[in-house]
Every structure is written in C-alpha cells, then in structure tokens.
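Enquirer: show me the folded form of this:
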Amino acid sequence: MLEDSVAIGSDHVDARPHARKLRDFHALIVAAALICALTFPISWMTSPHRWWFFWVALAIATSAIGLSVVHRLFGPARERCQIERQLGGG
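Expert: Residues are numbered from 1 along each chain as shown. Purely as a prediction, here's the structure:
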C-alpha cells in the first residue's frame, strides 16, 4: 500500500480517488448481497404469497446501476476529455 509521504507520479494520484470509489462500490455490492440474503427468508416466512424481498433487491440494484452510470458519465475520463477540449479549443 502506498503511503502519502511517498513521492508518486500524477497518474497514481489521479488513480487513488477512483480506486477508493471502486472499493466503496464493491463494499456496497457485498452489503447488498448480505441484505438480500437476510431479507429473503424473512419475506418467505412472513408472507409466502407476497414477495416484498424483490422490492429491496430492486432498490439496491437501482442504486448500484445509478452509481455506475453517474461514474461513467461524469467520472475522471469525462473530466479529462472536457479539459482537453477547453485547452485545445481556446
């Protein structure tokens, strides 16, 4: 693991926030899987004819997809593209 005091290139500095966001996203996926694994048996035992478990899974999936789309549309690559466009067109 890199320490903050170690001299590193600008590419590594740019990659750190992305790596942290990716780690947080993976933590969200693991937490979502655990929540779904816990709510499934509760849903099955309390109301076997109404599976409210799917609403929990749908909400978690929607947030995960939303995070990935937002990152793809407004992430570091998009920012670099906009900067290059501004510098090249000026």
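Enquirer: quick check: residue 27 vs residue 44, distance?
Expert: To residue 44, residue 27 is 27 Å away according to CB to CB, to the nearest Å. C-betas here are computed from N, CA, C, even on glycine.
Enquirer: could you do residue 32 as well?
Expert: From residue 32 across to residue 44, the span is 18 Å (CB to CB).
Enquirer: who's more crowded, these two?
Expert: residue 32 (17 against 11; other CB atoms under 10 Å).
Enquirer: sec struct for the more buried one, please.
Expert: Judged by DSSP: H, G, I helix; E, B strand; the rest coil, the three-state class of residue 32 is helix.
Enquirer: could you find the closest non-adjacent residue to it?
Expert: The shortest distance from residue 32 to any non-neighbouring residue, by CB to CB, 6 or more residues apart in numbering, is to residue 60 (4.1 Å).
Enquirer: list the buried ones in the helix or strand containing the one you found?
Expert: For residue 60, the host element (DSSP states H and E) is helix 53-74. Residues of helix 53-74 classed as buried: 53, 56, 57, 60, 71 (neighbour count, 16 or more other CB atoms under 10 Å).
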